[in-house]
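Trainee: generate coordinates for the sequence data below:
(one chain, ligands or ions: 1)
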Amino acid sequence: MKDVELQTLVQQEQYRQQYGINLIASENYASKEIMDITGSVLCNKYVEGYPSIRYYSGCAVYDQIELLAIDRFKKIFKAEHVNVQPHSGSQANAAVYLAVLKPGNTILSMDLAAGGHLSHGHKVNWTHQFYNIVSYGVHPVSLLLDYDEIERLALLHKPKLIIVGASAYSRTIDFERCAAIAAQVGALLMADVAHIAGLIAADLHPSPFPHADIVTMTTHKTFRGPRGGVIMSKKQLGKSLDKMLMPGMQGGALMNHVAGKATAALEAMQPSFVTYQKQVISNAQVMAQMFMSLGYKVLTGGTDNHLFLIDVLPTGMNGRQVEQVLESVDIFINRNAIPFDTQPPLHPSGIRIGTPAITTFGADEKDVCIIVSLIDRAIKNYDRQEILQDIKKEVHHFMIHLHQK
Ligand code: DSN
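Mentor: Numbers count the residues shown, from 1 in each chain. Okay, the predicted model is just below:
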């Protein structure tokens, strides 16, 4: 039966993705192969357990699919143990905490307000009820991770787990230094590389291994796979992590997604993936530079990765207002708190801009300069509807040009 109502909505979304400029740093466009696999017959099977120890019959093919995915992730990330079953990054993180911590243990992690992630222990997250969360932020002047301060907090609070990894941090992370801090206090080190997994796979950001004990990631951001999570670890932690994820937390694996992760990993092993990730970084750096030359306040003065933050309060608008103006011209960014933000989380001072998605559509340095000038004009003409209508048309023309390149 054709679901006309839903098909109409899907077409609208397809149009938005094709003709809008997507600068949401955590999003990307998976290849047609990956989308075909995640929508394939693999949707139809219950697969619980791990290869060769399944709780249903008919899983032989799925054993091979899962082993293929595991093998590819091991190769890419030089991981000793891999679990490709987490439904999401938050599930992956939850399984880690439940496997290696006891209620009441201390976690030292980056504050969401400074660029961390909800699932690292924010007060509205379940983790806050179960664990004692101690947060670190960034240096008040440089806005960079302050490893001396992380060390001081670690020595003071003796955490069982230190988490490093961010959703809004534009600079290189020193995993080696974090491991040295963790070693001093006997803590495990978990690196959540959800945002930068693609850059790590392309060797454009230092690898968390061999420094971290556990690494979690999502597969749909810079890694450009299907939505989902992965847990990687040192060998000795593998069994307890596997057991906690399934049967501890999840039932049947989404094997269509596991297969999509395997294909994403194959794509990530190609030379073209490195070329793509280099372009992602170059585009972000060029955009940040151009925003600064137009007078915008880019945090930390640029970026080493796929994203950067702008403090937009000097424009007279907050991040939410800028997000809305840009959405009205089909440019999609997200509002974001900035370190030491004076504004409330729903109306923060900042916006976050990322280049993974637009680079997948072929944008280069010249293209992203056009995007910056479209954003700048929209912000400066936020209350002039005719101008915003013109900019929206230019956005659509720009995307047509990009698709035809
Ligand atoms: N919500 C994602 C992001 O936008 O960074 C992280 O899970």
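
Trainee: what parts of the stretch 101-250 of the chain come near the ligand?
Mentor: Residues of the stretch 101-250 of the chain lying near the ligand by C-beta under 6 Å from any ligand atom: 117, 167. (Glycine included, C-beta is placed from N, CA and C.)

Trainee: what is the neighbour count of Q404?
Mentor: When neighbours are counted by other C-beta atoms under 10 Å, Q404 registers 7.

Trainee: got a pLDDT number for it?
Mentor: Q404 carries a pLDDT value of 96.

Trainee: next: T222.
Mentor: 98.

Trainee: all strands of the stretch 1-150 of the chain, in order?
Mentor: 21-22, 49-50, 53-54, 81-83, 106-110, 132-136 (DSSP state E, counting those that start in this stretch).

Trainee: let me see the ranges of the helices in the stretch 101-250 of the chain.
Mentor: 127-130, 147-157, 175-185, 197-201, 235-243 (DSSP state H, counting those that start in this stretch).

Trainee: and among the strands of the stretch 1-150 of the chain, the most buried is which?
Mentor: Most buried of the strands of the stretch 1-150 of the chain by mean neighbour count (mean count of other C-beta atoms under 10 Å) is strand 106-110; its value is a mean of 25.

Trainee: strand partners of that one, parallel vs antiparallel please.
Mentor: Note on strand 106-110: by DSSP bridges, its sheet partners are strand 132-136 (parallel), strand 161-164 (parallel).

Trainee: ok, which of the strands of the stretch 1-150 of the chain comes nearest S293?
Mentor: strand 21-22 (19.9 Å; C-beta to C-beta).

Trainee: can you list contacts of that closest one?
Mentor: 330-332, 357-358, 371, 374, 395, 398-399 (C-beta atoms under 8 Å, 6 or more residues apart in numbering).

Trainee: try stretch 241-248
Mentor: Here stretch 241-248 has contacts from 48-50, 81, 83, 85-86, 91-92, 95-96, 98-100, 214, 231, 233, 253, using C-beta under 8 Å, 6+ apart.

Trainee: same thing but 7 Å
Mentor: 48-50, 83, 85-86, 95-96, 98-99, 231, 233 (C-beta atoms under 7 Å, 6 or more residues apart in numbering).

Trainee: ok, stretch 306-325 next?
Mentor: Residues contacting stretch 306-325 (C-beta under 7 Å, 6+ apart): 25, 168, 170, 199, 222, 280-281, 284, 288, 291, 296-299, 302, 333-336, 338, 343, 346-356, 378-379, 382.

Trainee: ok, 6 Å please
Mentor: Applying C-beta atoms under 6 Å, 6 or more residues apart in numbering, the contact partners of stretch 306-325 are 25, 168, 170, 222, 280, 284, 288, 296-299, 335-336, 338, 343, 347-356, 378-379, 382.

Trainee: what are the buried residues along that stretch?
Mentor: By neighbour count on 16 or more other C-beta atoms under 10 Å, the buried set for stretch 306-325 is 306-313, 315, 317-323, 325.

Trainee: related to what we said a few turns ago, quick check: the farthest pair among the contacts of strand 21-22?
Mentor: A357 and L374 (15.8 Å).

Trainee: so which of those two has more stuff around it?
Mentor: A357 (25 against 20).

Trainee: how about stretch 349-364 and the ligand, touching?
Mentor: No. Stretch 349-364 lies apart from the ligand when judged by C-beta under 6 Å from any ligand atom; the minimum separation is 7.7 Å.

Trainee: can I get the CA coordinates of that stretch in CSV?
Mentor: What follows is stretch 349-364, C-alpha atoms only, in CSV (Å, rounded to 0.1, in the frame of the first residue of the first chain):
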residue,chain,number,x,y,z
SER,A,349,25.1,33.2,22.4
GLY,A,350,26.6,31.0,19.8
ILE,A,351,26.1,29.1,16.6
ARG,A,352,27.9,25.9,15.5
ILE,A,353,28.9,25.5,11.9
GLY,A,354,30.2,22.3,10.3
THR,A,355,31.3,21.3,6.9
PRO,A,356,30.9,17.4,6.6
ALA,A,357,27.5,17.5,4.8
ILE,A,358,28.1,20.3,2.4
THR,A,359,31.5,18.8,1.5
THR,A,360,29.8,15.4,0.7
PHE,A,361,27.9,17.4,-1.9
GLY,A,362,31.2,18.6,-3.5
ALA,A,363,31.7,22.0,-1.9
ASP,A,364,35.2,23.4,-2.1
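
Trainee: chain center to that stretch: distance?
Mentor: 13 Å (C-alpha atoms, centre = their mean, to the nearest Å).

Trainee: residues making contact with that stretch?
Mentor: Contacts of stretch 349-364 (C-beta under 6 Å, 6+ apart): 22-23, 25, 27-29, 168, 222, 279-280, 283-284, 306-313, 319, 322, 333-336, 338, 341, 343, 402, 405.

Trainee: over to stretch 152-162?
Mentor: 101, 105-108, 134, 136, 181-182, 185, 187-189.

Trainee: and those, which is closest to the ligand?
Mentor: The closest of those to the ligand turns out to be I107 (C-beta to the nearest ligand atom; 17.4 Å).
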